[in-house]
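Asks: here's my sequence, what's the structure:
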Amino acid sequence: MLSGEVRVAVDEYEREGTTVITALIVPVERLPRFEREWARLQQEMRVHLLRHYPFAEKGLAGGRLPEIHAVELYQSTGLFRNDPARDPSYWRQHRQWLTTAVEIIIRARPQILTRRWRPENTQANLDLLGLPSQTFARNVPFKKMQTKMDRLFMSPYVWLLNHTISFLEEHFTHHALHGSLLCDQHDDGRGFSLLKTFEIARRLNPHPAHLPAPVFSASHEHSLLQAVDVVCYILGSVFHAEGKGTLPPKDVGQWAVSLSPFLLGKPEGPSAYDWKKATARLFEILIAHSGGSNEYRQKLEAALPQFLESILLEGDNLVMNLNGDGIFFGPEMYKPPSEDGDLSKDKVSPTEANPQAEAPQ
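Replies: Residues are numbered from 1 along each chain as shown. Predicted coordinates for the structure are as follows:
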């Protein structure tokens with residue numbers, strides 16, 4: 001079992017209603033060997049591509065190493081596109097490169113946390129909470145801001161990343177881990193790197209297991225992001241096939257089996273404080289990263305730290321409303337959440353509509 005300082009890389013898989021987020025957890029002391037082996041594979045790929053792929057030269061100009069991007073490798077697209085007339089079986093080399101990538105990942109002995117979002121989770125959120133534009137944000141004076149809030153609320157990525165962070169922190173707490181979180185770029189994830197909730201939560205409860213705000217970066221800049229891309233593509237393909245009532249391609253299934261010893265089982269349930277942090281992160285994403293006029297944003301940003309701290313300290317009985325004057329919140333008498341954005345635990349809080357963790361069979 002891992003302990004000590006780790007690096008966590010996160011990537012997502014989205015295809016035909018199947019959305020999966022995968023986190024790859026690697027101890028920092030194993031990273032140098034992993035990075036050397038990954039770079040060696042990239043160098044071997046570069047030599048082969050420049051020799052045999054007429055379309056690859058532009059993408060590898062200036063000594064650039066090829067990014068190991070699983071979907072392009074598996075489907076022979078992008079940098080890995082070639083003329084079948086030159087070699088009808090050229091795609092087999094791509095599968096071998098993916099096999100080598102999986103072997104490198106396995107030698108790093110990581111832990112893998114993967115979580116799937118089902119379409120019915122989205123409907124459950126709507127049934128339980130309602131759209132922001134119909135509940136706590138119905139009096140926001142900017143239609144575009146309401147639309148952006150609704151879109152973020154409906155985003156499987158926002159919910160999955162938010163809950164993945166909660167389960168990672170709980171896992172860190174139980175196993176004496178600490179470290180940082182690196183995510184592949186995603187339009188719906190940009191706001192997470194700016195969230196004040198991370199800093200406020202660490203100030204209120206300075207535990208080493210609490211993650212700092214995630215860093216989002218381009219995968220071609222980080223070998224660990226490329227590695228989690230490979231793992232997420234494999235596991236996501238298994239989930240996608242399962243959702244279609246079929247089996248994944250044989251080689252994908254074999255890779256999934258080889259990775260299965262490193263899959264974390266059902267994560268420990270987050271603590272009450274973790275759920276409060278998840279609630280605060282969700283509301284901060286919706287409120288602070290949905291646009292609005294400069295003047296209105298200043299009003300929101302002025303009240304936001306106190307609002308987030310209140311969720312973390314007394315979120316069970318907190319009620320919040322947005323209107324043209326900003327954020328209004330505090331303990332109030334019960335009103336249905338569809339009327340006032342009530343965060344009370346014994347009514348319905350956003351954290352109750354959490355996706356279920358599943359692992360490939």
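Asks: so Ser180, which state does it fall into?
Replies: strand (DSSP: H, G, I helix; E, B strand; the rest coil).
Asks: tell me who's in contact with it.
Replies: 7-8, 211-212, 214-215 (CB atoms under 8 Å, 6 or more residues apart in numbering). For glycine as for every other residue, the C-beta is placed from the backbone atoms N, C-alpha and C.
Asks: what subset of the residues you listed is buried?
Replies: Among the contacts of Ser180, those classed as buried by 16 or more other CB atoms under 10 Å are 7-8, 211, 214.
Asks: Ala280: which of these is nearest?
Replies: Nearest to Ala280 among the buried ones among the contacts of Ser180: Leu211, at 13.7 Å, using CB to CB.
Asks: phi and psi next, for the closest one.
Replies: phi -80, psi 140 (degrees, to the nearest 10).
Asks: contact partners for it?
Replies: Contacts of Leu211 by CB under 8 Å, 6+ apart are 8, 165, 168-169, 172, 179-181, 198.
Asks: from Arg92, how far out is it?
Replies: 41 Å (CB to CB, to the nearest Å).
Asks: toward the C-terminus, what is the element adjacent to whichever strand or helix holds Gln42?
Replies: Gln42 belongs to helix 31-52 when elements are defined using DSSP states H and E. Where DSSP H and E defines the elements, the next helix or strand beyond helix 31-52 is helix 70-75.
Asks: pLDDT of the next helix or strand after that next one, averaged?
Replies: Of the helices and strands lying after helix 70-75 in sequence (DSSP H and E), the nearest is helix 91-107. Mean per-residue pLDDT for helix 91-107: 97.
Asks: and what of stretch 164-181?
Replies: 92.
Asks: how about stretch 329-339?
Replies: 50.
Asks: kindly report the same for stretch 236-251.
Replies: 95.
Asks: alpha carbons only: can I get the helix holding Gln42 in CSV?
Replies: The C-alpha atoms that make up helix 31-52 are tabulated as CSV, following Å, rounded to 0.1, in the frame of the first residue of the first chain:
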residue,chain,number,x,y,z
LEU,A,31,8.6,9.0,-11.1
PRO,A,32,12.2,9.4,-12.4
ARG,A,33,12.4,5.8,-13.6
PHE,A,34,8.9,6.1,-15.1
GLU,A,35,9.8,9.3,-16.9
ARG,A,36,13.0,7.9,-18.3
GLU,A,37,11.2,4.8,-19.7
TRP,A,38,8.4,6.9,-21.1
ALA,A,39,10.9,9.2,-22.9
ARG,A,40,12.8,6.2,-24.2
LEU,A,41,9.6,4.9,-25.8
GLN,A,42,8.8,8.3,-27.3
GLN,A,43,12.2,8.5,-28.8
GLU,A,44,11.8,5.0,-30.3
MET,A,45,8.5,6.1,-31.7
ARG,A,46,10.0,9.3,-33.1
VAL,A,47,12.7,7.4,-35.0
HIS,A,48,10.2,5.0,-36.5
LEU,A,49,7.7,7.7,-37.5
LEU,A,50,10.2,9.9,-39.2
ARG,A,51,11.5,6.8,-41.1
HIS,A,52,8.2,5.3,-42.2
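Asks: how far out from the middle of the chain is that helix?
Replies: 27 Å (CA atoms, centre = their mean, to the nearest Å).
Asks: what comes into contact with it?
Replies: So helix 31-52 is contacted by 7, 26, 56-57, 60, 65-66, 68, 79-80, 82, 86-87, 90, 93, 97, 100-101, 104-105, 107-108, 223-224, 226-227 (CB under 8 Å, 6+ apart).
Asks: quick one: buried ones out of these?
Replies: Applying 16+ other CB under 10 Å to those flags 7, 26, 56, 60, 66, 68, 79-80, 82, 90, 93, 97, 100-101, 104-105, 108, 223-224, 226-227 as buried.
Asks: could you report the neighbour count for the closest residue to Thr77 other than its chain neighbours?
Replies: Of all residues not flanking Thr77 in the chain, Val71 sits nearest, at 7.6 Å (CB to CB, 6 or more residues apart in numbering). When neighbours are counted by other CB atoms under 10 Å, Val71 registers 15.
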